[in-house]
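Trainee: Generate a structure from the sequence data that follows.
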Amino acid sequence: MTGRLLLCILCISFSLQAQENSVLYKISGNGLTEPSYMMGIINFFPADKFKVPTEVDEAMDNCEVFATKTMMNAKTQKKFNQAVKIPNDGWINDYLTDDELNQLRLLLLLDFEVKEHAYHDFYSRLQPIILVPTTTALNLGDNIVYTEQMLHHIAKKHGLKIAGLGTIQEEIDAFKKFPIEDQVEALKHTVNNFYDHINEYNELVNDYLERQDLEKVKNDTFKATNESKEFKKVYYDARALDWLPNIEDMMKNKPTFFALGAPYLVGQVSLIELLRTKGYKVEPVSVHF
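Mentor: Numbers count the residues shown, from 1 in each chain. Take a look at the predicted model:
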């Protein structure tokens, strides 16, 4: 009897864990007249693996506002691109050994066929941590889709108002607090172990699409930042806390679909738990990729 009871408890526990795993959550209760939705996303996917699920499209159709962390347009994108360059016209050469620099050049110029002038004028000027996802994206070539762009397109199709939780300057200020030492170590790991890095990215994609395990996705994401505790605190934890009042106001005003980086939704300081603590009902929605 004891063994059967234990087995039953374990089965219930695993079942609840499986039900909790999702990339999409429905937010209701605590005075909301209509539910809102929150989706955890990653920046880009292999195009042959990702398609926006029907359940996400239907959730957007039930909303009036589409919100992301910032309002991105040509002007704000240009401002961000300028802000993530190495200060004082610096070069990536200042941070890598000769061997590491040669390995980076081989990746960009030979494997990814980046032109020499593009490397000199653009890529070599980027801060180390920006080069980490850049090399991943270049490795995908034309087989790449950007998640926020795809969701933005669907939001426009449904006639949703577009909103941002913060400003581009807040994004830049948070990014600037990423310690340069952690940035350099993250880039060195990428350069010295590039195909291990790609395998880690593929594992992240599988954790997202197949297992829908945002906790694992968050951990996978931090590997690419050299697991910088300072960056996590400033870029993720502090911003989740700052956004919470705005999220509440938006949901009370109109049903809103939030598309935010997966690390904001889960963990010790997470939007899902913050909303639950405030009295909202936050339920995982079954999603099929």
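
Trainee: how about the host helix or strand of residue 149: buried residues?
Mentor: Per DSSP states H and E: residue 149 is located in helix 147-157. By neighbour count on 16 or more other CB atoms under 10 Å, the buried set for helix 147-157 is 147-148, 150-152, 154-155. No exception for glycine: its C-beta is placed from N, CA and C like everyone else's.

Trainee: hmm, which two among those residues are most spread apart?
Mentor: Distance extremes for the buried residues of helix 147-157: the farthest pair is 147 and 155 at 12.4 Å, using CB to CB.

Trainee: In a helix, residue 31, correct?
Mentor: No: assignment of residue 31 by DSSP: H, G, I helix; E, B strand; the rest coil gives coil, placing it outside any helix.

Trainee: for it, what are its contacts?
Mentor: Residue 31 makes contact with residue 252 under the criterion CB atoms under 8 Å, 6 or more residues apart in numbering.

Trainee: now the helices: where do they sit in the stretch 51-200 of the chain?
Mentor: According to DSSP state H, counting those that start in this stretch, the stretch 51-200 of the chain carries its helices in the segments 54-61, 74-83, 98-105, 116-121, 128-140, 147-157, 168-176, 180-192, 194-209.

Trainee: What is the subsequent helix or strand relative to the worst-scoring helix or strand of the chain on mean pLDDT?
Mentor: One helix or strand of the chain scores below all others by mean pLDDT, DSSP states H and E: helix 2-20, with a mean of 43. For helix 2-20, the following helix or strand on the C-terminal side (DSSP H and E) is strand 24-28.

Trainee: quick one, that following strand and helix 54-61 angle?
Mentor: In terms of direction (axes from the mean of the first three to the mean of the last three CA atoms, to 10 degrees), strand 24-28 departs from helix 54-61 by 40 degrees.

Trainee: quick one: buried residues of strand 24-28?
Mentor: Quick answer for strand 24-28 (16+ other CB under 10 Å): 24-28.

Trainee: residue ranges with poor pLDDT in this structure?
Mentor: 1-19 (pLDDT under 70).

Trainee: swap the cut-off to 80 and go again
Mentor: Residues of the chain that meet the criterion pLDDT under 80 lie in 1-20, 223-227.

Trainee: circling back: could you dump the helices of the stretch 51-200 of the chain into JSON lines with distance to residue 226 added?
Mentor: What follows is these, written out as JSON lines (distance: least, CB to CB, whole Å):
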{"stretch": "helix 54-61", "distance to residue 226": "32"}
{"stretch": "helix 74-83", "distance to residue 226": "21"}
{"stretch": "helix 98-105", "distance to residue 226": "15"}
{"stretch": "helix 116-121", "distance to residue 226": "24"}
{"stretch": "helix 128-140", "distance to residue 226": "9"}
{"stretch": "helix 147-157", "distance to residue 226": "24"}
{"stretch": "helix 168-176", "distance to residue 226": "15"}
{"stretch": "helix 180-192", "distance to residue 226": "4"}
{"stretch": "helix 194-209", "distance to residue 226": "12"}
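
Trainee: For residue 252, which of the ones you listed is the nearest?
Mentor: helix 54-61 (18.1 Å).

Trainee: For the closest one, buried residues please.
Mentor: 55-56, 59-60.

Trainee: cool, and stretch 28-38?
Mentor: Residues 28, 35-38 are the ones in stretch 28-38 that count as buried (16+ other CB under 10 Å).

Trainee: and those residues, which of them are in strands?
Mentor: 28, 36-38 (DSSP state E).

Trainee: need the residues you listed in a markdown table with distance to residue 197, can you?
Mentor: Formatted as a markdown table, these follow (distance: CB to CB, whole Å):
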| residue | distance to residue 197 |
| --- | --- |
| 28 | 40 |
| 36 | 36 |
| 37 | 32 |
| 38 | 29 |
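
Trainee: Which strand or helix spans residue 243?
Mentor: Here residue 243, judged by DSSP H and E, is contained in helix 238-253.
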